[in-house]
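Q: mind looking at a prediction? Sequence and model below.
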Amino acid sequence: MVLSIALSKSWSIHQLDVKNFFLHGNLNETIYMYQPLGFKDPARPDHVCLLRKSLYGLKQAPRAWYQRFADFVASIGFNHSKLDTSLFIYRHDHDTAYILLYVDDIVFTASSESLRKCVISQLSTEFVMKDLGPLSYFLGIVVTRHKNCLFLSQTKYAHDIIKKAGMTDCNPASTHVDSKGKMSTQSGISYGDPTSYRSLCGALQYLTFTRPDISYAVQQVCLFMHAPQVAHTNALKRIIRYIQGTADYGLKLYKSSITSLISYTDADWGGCPDTRRSTSCYCVFLGDNLISWSSKRQPTLSKSSVEAEYRGVANVVSESCWVRNLLLELRCSVTQATLVYCDNVSAIYLSSNPVQHQRTKHIEMDIHFVREKVQRGEVRVLHVPSRYQIADIFTKGLPKILFDDFRASLSVCKAPVSTAEV
């Protein structure tokens, strides 16, 4: 979201790094440690040291460093976000700046070059800070700046997963999952190396940060990490074969308007063969940019497809409320109603019809929550034909043509070609 805002307003985005960051934290607790080897006092070998500053290895070190950083940026005018603990916001007259903190890695963007230099200078007086220049590599994600767009990719990380699986020379697959059926715990023989299976599933979860097109397939294989079977391993290998052919793909962010919030939601009713629970999903777009997505099995059974779809609507409305509130904190509030597209007509009628039916009284809370947002004008639930329901990519396997079409709609594509001006 921050990258989309900065891109739409043509702000520069820089990356900062703090050296020896854990040594900056102040300790509020009383903590003792043994004298370090090579520095023992021969006259008092049984004495211990009382720590005044945090050290690497302390459980309190991350919290102490975070509090020290938060206190300092507050002293220079930044406000701490109430909705995202890693976000700090500066606003004074027409000047705006955002800081995103992850341990010692910092993404910083400001509305002007003078403000950017001023804030970096102030941070450097308190911490040993290094400006790494325009954002290019953050938490394993490569950020490439092109004309009017940003491209986020994890190509190297994807190749590392393929190598870790021992499938460097495998043939690529055109899609990431079989469209014929769902996996079950009764699929057959147990897999002999469950540790490797779990490790690869965890690695694939991090890849979904820039590859939303594999979210459904990864969610499916993660359901069986407790007792993987051969069939589950084959599904996992198919995902890796798909990544083999699309390792250079990533998420593209455009320079677009940030005044509209559009979301799609869908549910696969009773899709789990073992529990008959439904898989619900959503994707949220800020302007033309995909900023949030989810593919998750519902925690309870749904007695009808309408109920399953409506729970999906409630989930995306809840996510949209959080996004709208965060945009309000970022001083980029969305005044238009959030558009929620659903392909179930009954679920759409249920969101606006005030009549309580016998078959829907057990989902009363979700119904009232969505209806209240609709009545306030914050949300509009609209119908979309299944052919254009982008969220289908998060609930089931699709034919290749439809899958490629929906993948492009999510802005998952190859890196734009950079051409030199003649």
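A: Received, thanks. Residues are numbered from 1 along each chain as shown.

Q: wait, Val323 touches Met1, no?
A: Yes: Val323 lies in contact with Met1 (CB atoms under 8 Å); the separation is 7.2 Å. No exception for glycine: its C-beta is placed from N, CA and C like everyone else's.

Q: shared neighbours, these two?
A: Leu286, Ile291 (CB atoms under 8 Å, 6 or more residues apart in numbering).

Q: surely Ser179 and Ile393 touch.
A: No: the pair Ser179 / Ile393 is not scored as a contact, 11.5 Å apart, by CB under 8 Å.

Q: the stretch 151-300 of the chain: helices as residue ranges?
A: Ranges of helices in the stretch 151-300 of the chain, per DSSP state H, counting those that start in this stretch, are 155-164, 194-207, 215-222, 230-245.

Q: comparing these, which comes out most buried?
A: Of all the helices of the stretch 151-300 of the chain, helix 215-222 carries the top mean neighbour count, a mean of 22, counting by mean count of other CB atoms under 10 Å.

Q: quick check: what element follows whichever helix in the chain runs longest along the chain?
A: Once the chain is assigned using DSSP state H, the helix that runs over the most residues is helix 305-329. The helix or strand immediately downstream of helix 305-329 is strand 338-342, counting by DSSP states H and E.

Q: can you give the distance of that following strand from its chain's centre?
A: 20 Å (CA atoms, centre = their mean, to the nearest Å).

Q: ok, and what's touching it?
A: Against strand 338-342 from outside (CB under 8 Å, 6+ apart): 260-266, 309, 312-313, 316-317, 320, 324, 348, 378-384, 389.

Q: pLDDT of that strand, averaged?
A: Mean pLDDT, computed over strand 338-342, is 94.

Q: same question, stretch 174-194
A: Stretch 174-194 comes out at a mean pLDDT of 81.

Q: end-to-end on that stretch?
A: End-to-end distance for stretch 174-194: 26 Å, by CA to CA, to the nearest Å.

Q: same check on stretch 122-135?
A: For stretch 122-135, the first-to-last residue distance is 20 Å (CA to CA).

Q: what comes up buried for it?
A: By neighbour count on 16 or more other CB atoms under 10 Å, the buried set for stretch 122-135 is Leu123, Glu126, Phe127, Met129, Asp131, Leu135.

Q: just to revisit the earlier point, got TSV for the helices of the stretch 151-300 of the chain, with distance to Phe39 too?
A: Listed next are the helices of the stretch 151-300 of the chain as TSV, based on distance: least, CB to CB, whole Å:
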stretch	distance to Phe39
helix 155-164	39
helix 194-207	39
helix 215-222	47
helix 230-245	49
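
Q: among these, which is nearest Ile291?
A: helix 215-222 (14.2 Å; CB to CB).

Q: now do that closest one: distance to the chain's middle.
A: 15 Å.

Q: give me the helices and strands touching it, please.
A: helix 194-207, helix 230-245, strand 279-286, strand 289-297 (3 or more CB pairs under 8 Å, 6 or more residues apart in numbering; DSSP states H and E).

Q: quick one: strands adjacent to the third one?
A: The pairing partners recorded for strand 279-286 under DSSP bridges are strand 261-268 (antiparallel), strand 289-297 (antiparallel).

Q: compare these and give me the one nearest Lys19.
A: Nearest to Lys19 among the strands paired with strand 279-286 is strand 289-297 (31.9 Å), distances taken as CB to CB.

Q: what residues does that closest one touch?
A: Residues outside strand 289-297 that contact it (CB under 8 Å, 6+ apart): 1, 4, 212, 215-216, 219, 223, 251, 253-254, 256, 272, 275, 277-285, 315, 319, 323, 394-395, 410-411.

Q: again, only this time at 6 Å
A: With CB atoms under 6 Å, 6 or more residues apart in numbering as the test, strand 289-297 has contacts from 1, 4, 212, 215-216, 219, 253, 277, 279, 281-284, 319, 394, 410-411.

Q: tell me the buried residues within these.
A: Among these, those classed as buried by 16+ other CB under 10 Å are 1, 4, 212, 215-216, 219, 253, 277, 279, 281-284, 319, 394, 410-411.

Q: what residues are up against Asn325?
A: By CB under 6 Å, 6+ apart, the contact set of Asn325 is Leu83.

Q: number of nearby residues for Pro42?
A: When neighbours are defined as other CB atoms under 10 Å, Pro42 has 5 of them.

Q: same thing with Gln389?
A: Neighbours of Gln389 under the rule other CB under 10 Å: 19.

Q: which residues touch it?
A: The contact partners of Gln389, by CB under 6 Å, 6+ apart, come to Asp266, Asp343.

Q: quick one: it from Ala267, how far?
A: 11 Å (CB to CB, to the nearest Å).

Q: with Thr155 instead?
A: When distance is defined by CB to CB, Thr155 is 33 Å away from Ala267.

Q: just Leu150 next, same as before
A: For Leu150, the distance to Ala267 - CB to CB - is 32 Å.

Q: which one of those two has more residues nearby?
A: With neighbours defined as other CB under 10 Å, Leu150 and Ala267 compare such that Ala267 has more, 30 against 22.

Q: list the helices and strands the one helix or strand Ile5 maps to packs on?
A: Under the criterion of DSSP H and E, Ile5 resides in helix 2-8. Contact analysis of helix 2-8 by 3 or more CB pairs under 6 Å, 6 or more residues apart in numbering; DSSP states H and E lists strand 249-254 as its packing neighbours.
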